[in-house]
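# Have a look at this prediction, sequence included:
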Amino acid sequence: MHLDYLYLNNKERLGMCDKYSKSSRRNALTKHQKQALKREFGINTHPTMQRMAEIGMEIGMHPRKVRIWHQNQRAQRKKKLESV
């Protein structure tokens with residue numbers, strides 16, 4: 001291990017690691033984004049790629065994040081139904 005690494009603070013260490021780059025950090029959704037996603041999920045739990053792109057444009061999210069959010073919601077719903 002390089003000695004300079006020992007003297008870096010945690011933020012500096014994280015900045016050196018690709019795993020924790022700024023682009024991969026988790027960002028909380030805004031209230032508006034959550035409402036829009038929940039509204040769409042109530043209408044359609046499996047939106048098309050085109051619809052995900054439209055939703056993303058409307059609420060300022062990347063379509064991939066919209067897709068992941070829907071996947072997570074379906075998994076939560078399934079888990080909740082199985083536990084009942």
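Perfect, thanks for sending it.
# so residue 41 sits right up against residue 70, yeah?
Yes - shown here, residue 41 and residue 70 form a contact pair, counting by CB atoms under 8 Å, at 6.5 Å. In short, each C-beta sits where N, CA and C put it, glycine included.
# More neighbours: those two, which one.
Legend: neighbour count by other CB atoms under 10 Å for residue 41 and residue 70, higher for residue 70 (19 against 16).
# Quick one: residues contacting the more buried one.
By CB atoms under 8 Å, 6 or more residues apart in numbering, residue 70 lies in contact with 37, 41, 45-47, 52.
# any chance of those residues in a markdown table, plus secondary structure and pLDDT?
Output for those, formatted as a markdown table (DSSP: H, G, I helix; E, B strand; the rest coil; pLDDT from 0 to 100):
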| residue | secondary structure | pLDDT |
| --- | --- | --- |
| 37 | helix | 97 |
| 41 | helix | 97 |
| 45 | coil | 96 |
| 46 | coil | 97 |
| 47 | coil | 96 |
| 52 | helix | 95 |
